[in-house]
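Novice: the following comprises the amino acid sequence and a computationally predicted model.
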Amino acid sequence: MDAPLVNAIETGKNIKRLREEKGITVKELQKVFGFDTPQAVYRWQRGETLPCLDNLLVLAKILDVQVEDLIIQNRNENE
């Protein structure tokens with residue numbers, strides 16, 4: 001069995017899309033997470049980094065989705 005791999009770039013695009021659909025600003029997320037600057041949120045959206053598990057749980061709650069709905073996996077070529 002192949003282990004699933006998270007596609008960070010597509011996950012970032014998905015986070016951005018879901019955030020925009022909910023009308024939530026990056027600044028609002030920055031405040032919720034207690035970040036000094038919005039750069040972490042921008043890095044998530046660009047797929048440079050992924051939120052840690054704790055932040056994924058909070059983000060899913062804010063965006064009213066399941067954690068699994070935030071994460072985009074690379075497709076297995078055998079599927």
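Specialist: Yep, that arrived.

Novice: what's the spacing between the most centrally placed residue in the chain and Ala3?
Specialist: Centroid check for the chain by Cα atoms, centre = their mean gives Ile15 as the closest residue, at 4.1 Å. Per Cβ to Cβ, to the nearest Å, Ile15 is found 22 Å from Ala3. For the C-beta atoms, the positions are set from N, CA and C on the backbone; glycine is no exception.

Novice: helices of this protein, residue ranges please.
Specialist: 8-21, 26-33, 39-46, 53-63, 67-70 (DSSP state H).

Novice: residue ranges with poor pLDDT in this protein?
Specialist: Residues of the chain meeting the criterion pLDDT under 70: 1, 76-79.

Novice: picking that back up, ok, the residue nearest to the centre of the chain touching Trp44?
Specialist: Yes. Ile15 is within contact range of Trp44, at 5.5 Å (criterion: Cβ atoms under 8 Å).

Novice: between those two, what contacts are shared?
Specialist: Listed as contacting both Ile15 and Trp44 by Cβ atoms under 8 Å, 6 or more residues apart in numbering are Pro51.

Novice: tell me how many other residues crowd Glu28.
Specialist: 15 (other Cβ atoms under 10 Å).

Novice: Gly23: neighbour count?
Specialist: 7.

Novice: quick one: the residue lying closest to Ala60 once chain neighbours are set aside from Leu50, how far?
Specialist: Among residues not flanking Ala60 along the chain, Val67 sits closest, at 4.7 Å (Cβ to Cβ, 6 or more residues apart in numbering). Note on Val67: its distance to Leu50, by Cβ to Cβ, is 12 Å.
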